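> Okay, predicted coordinates and the sequence, questions at the end:
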Amino acid sequence: MQSMMGIITGTKSEEPLEEITQHRCMAAVPFGGRYRLIDFVLSNLVNSGIKNVAVITSHNYRALMDHLGSGKEWGLDRKSEGLIILPSASPSVFRRALCFDLKDLYANFDYLEKSKQKYVVLSGNNMVCNINFKEVLAFHQQNTAHVTVVYKEENYTNTDHQDNIFLELEDDNRISYLKKTPNKVGNSNVSLDMLIIERELLKDLIRVALVSGKWDLMDIIAENISEIKVYAYHFNGYLGKINSIESYYRHNMELLNSEISSELFFANGPIYTKIKDGPPARYSGSSNVNNCLVATGCSIEGSVDSSILFRGVSIGSGASVKDCIIMQKSTVEDDVILQNVILDKEVIIRKGTVLKGKDSKPIIIGKKNII
C-alpha cells in the first residue's frame, strides 16, 4: 500500500532471553523450526502491501543481517525504497527501557523526511502474530485519527504483558488514558507495540522530544492525549509476545496445536523467511516421532515427542526427546534423555546424558556448547 511505510524498532529489553540473545539480537531469535522473530512483523508489513520498510538494528546484529540479506524473500529487493537498515542511536543490550525510542528515529530523521508515504507503521520485533495493517489503516482513516494503537484484551496475570502499555478506552474506542499498569483485575486492554501515525505528526513529536528531553513516543502521546486523536484498533487473533524464556518456550510449544499454527502462518497471508535448500528429514526404522515440527535436513533414529526440531538436527539411536526445542545443526547422541530443554544452534549432547527441566523453567544450553 503506497500510503504506508513501516519501521521495525528494537525491543525494550533483550536481557531476559538469557543465552538465546547472547550471540544475536531479539529480531534474529529462531522460532518455530525455521523462522526468526522478525519474519512475522516483516511478513505482516509486506502482506499489507507496504514496500518501504526500515529495520532499526540493535546489538549483535550480524545474524540479523545474514538472515535479511537484500530482502529478496519478502519482495523488498527493490531499486527504490524496499528494505532499509538503519542504525540505532545507542545499540547497547541494556538500554531498551522505552516503548518506542525516538532517539533512534531522530538519528535517522533524514529517512523520514525523504520518504513519501503519509502514514508510518511502527512496530516492535518480538510480537508473533499475523495481522493485516490495511484493516488498521481503514479504521484509522474512518476515525480521522492522528494515531491508532493496536491492542488486544488480555489478562494482566499473563506475564507476557507485564511490561506493556495499558489503554483506557471510551465507547468509540478513542483512548482516554495510557499507563504502565492496569486499574482493574482480570482482562485489560494491552498495547501490542504496534501503531499507525501520520509521518508529519511523527516528525513533529520527534522535535518535541528533542526540546523536552523525553524520548519515549508513548509518554509524549500520553501527555498530549487530549490534543491528539488517539484511537485503539482491537486485534483478536493469536498473539505471542516473546519477552522471557518462559514465553519463548510456551509460544513455540503452542505451534504444535494445528489451529494455532494454521492461523499464525496463513490467516492474513503467509509468513516468509530466508530460504535454505536442503534434503528432507530422514527417519530410520527405529525412530518414533509424535506431534512434532521437524524441519528439513534432520536425521532421527530415536524417539521424539511434542518437540520442535530446526534444520539439520540429528537424534541418535535410543535417544528420547520430549517437549524440547532443538535449534539448527544440534546433535543429540545415542541414549540421551531430554525433557523440557532448549538447545541453541550447534550444541552437542554426548551419549547417555540426561537433562530434565520443567514447563515453567526449561533448561537452556547455549550455542555450540558440548554437554
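Received it, and whenever you're ready, just let me know what you need. On a predicted model such as this, the values are computed, not experimentally measured, just so you know.

> switch to C-alpha atoms for all contacts and neighbour counts from now on
Will do.

> how does this protein divide into domains?
4-266, 282-365 (automatic domain parsing).

> can you list the weak-confidence ranges in the stretch 51-200 of the chain?
91-98, 156-163, 182-186 (pLDDT under 70).

> who's in contact with residue 125?
In this structure, residue 125 makes contact with 8-11, 26-27, 37-38, 41, judged by C-alpha atoms under 8 Å, 6 or more residues apart in numbering.

> quick one: it from residue 250, how far?
Between residue 125 and residue 250 the distance is 18 Å, computed by C-alpha to C-alpha, to the nearest Å.

> what does residue 119 give?
Per C-alpha to C-alpha, residue 119 is found 34 Å from residue 250.

> So which bits of the longest strand belonging to the chain are buried?
When the chain is parsed with DSSP state E, its longest strand is strand 187-198. Judged by neighbour count using 16 or more other C-alpha atoms under 10 Å, the buried positions of strand 187-198 are 188-198.

> And residue 80, how close does it get to residue 52?
Distance from residue 80 to residue 52, by C-alpha to C-alpha: 9 Å.

> Show me which of these two is the more surrounded one.
residue 52 (25 against 10; other C-alpha atoms under 10 Å).

> pretty sure residue 35 is in contact with residue 275, am I right?
No - Residue 35 is not in contact with residue 275 according to C-alpha atoms under 8 Å; the separation is 9.8 Å.

> Of these two, which one has the most company?
Using other C-alpha under 10 Å as the criterion, residue 35 and residue 275 rank with residue 35 on top: 19 against 11.

> what's the helix or strand for the nearest residue to the more buried one once chain neighbours are set aside?
Nearest residue to residue 35, sequence neighbours excluded (C-alpha to C-alpha, 6 or more residues apart in numbering): residue 273, at 5.9 Å. Under the criterion DSSP states H and E, no helix or strand holds residue 273.

> so residue 273 makes contact with residue 75?
No - using C-alpha under 8 Å, residue 273 is not in contact with residue 75, being 11.0 Å away.

> Tell me the buried residues in the one helix or strand residue 105 maps to?
Per DSSP H and E: residue 105 is located in helix 102-107. Residues 102-106 are the ones in helix 102-107 that count as buried (16+ other C-alpha under 10 Å).

> How about residue 214, nearest residue that isn't a chain neighbour?
Using C-alpha to C-alpha, 6+ apart, the closest residue to residue 214 is residue 220 (7.3 Å).

> ok but that neighbour is inside a helix, no?
Yes - under DSSP: H, G, I helix; E, B strand; the rest coil, residue 220 sits within a helix.

> mind starting the numbering at 34 from now?
With 34 as the first residue, the last one maps to residue 253.

> Quickly note the distance from it to residue 157.
From residue 253 to residue 157 the distance is 18 Å (C-alpha to C-alpha).

> Which stretches in this structure count as helices?
71-80, 95-101, 135-140, 142-147, 166-175, 232-245, 250-256, 278-287, 291-299 (DSSP state H).

> And these: which comes nearest residue 376?
Among the helices of the chain, helix 278-287 comes nearest to residue 376, with 11.3 Å by C-alpha to C-alpha.

> circling back: out of the domains of the chain, which one sits most buried?
Highest mean neighbour count of those: domain 315-398, a mean of 20 (counted as mean count of other C-alpha atoms under 10 Å).

> Give me the distance from that one to the chain's centre.
Remark: domain 315-398 is offset 24 Å from the chain centroid, using C-alpha atoms, centre = their mean, to the nearest Å.

> Compute the first-to-last residue distance for that domain.
25 Å.

> How about residue 71, nearest residue that isn't a chain neighbour?
Going by C-alpha to C-alpha, 6+ apart, residue 71 has residue 60 as its nearest residue, at 4.8 Å.

> And the one you found, what's its pLDDT?
Note on residue 60: pLDDT of 93.

> Taking the chain centroid, which residue in this structure is the extreme one?
Most distant from the centre of the chain: residue 318, at 37.5 Å, with distances by C-alpha atoms, centre = their mean.

> ok, it to residue 363 distance?
21 Å.
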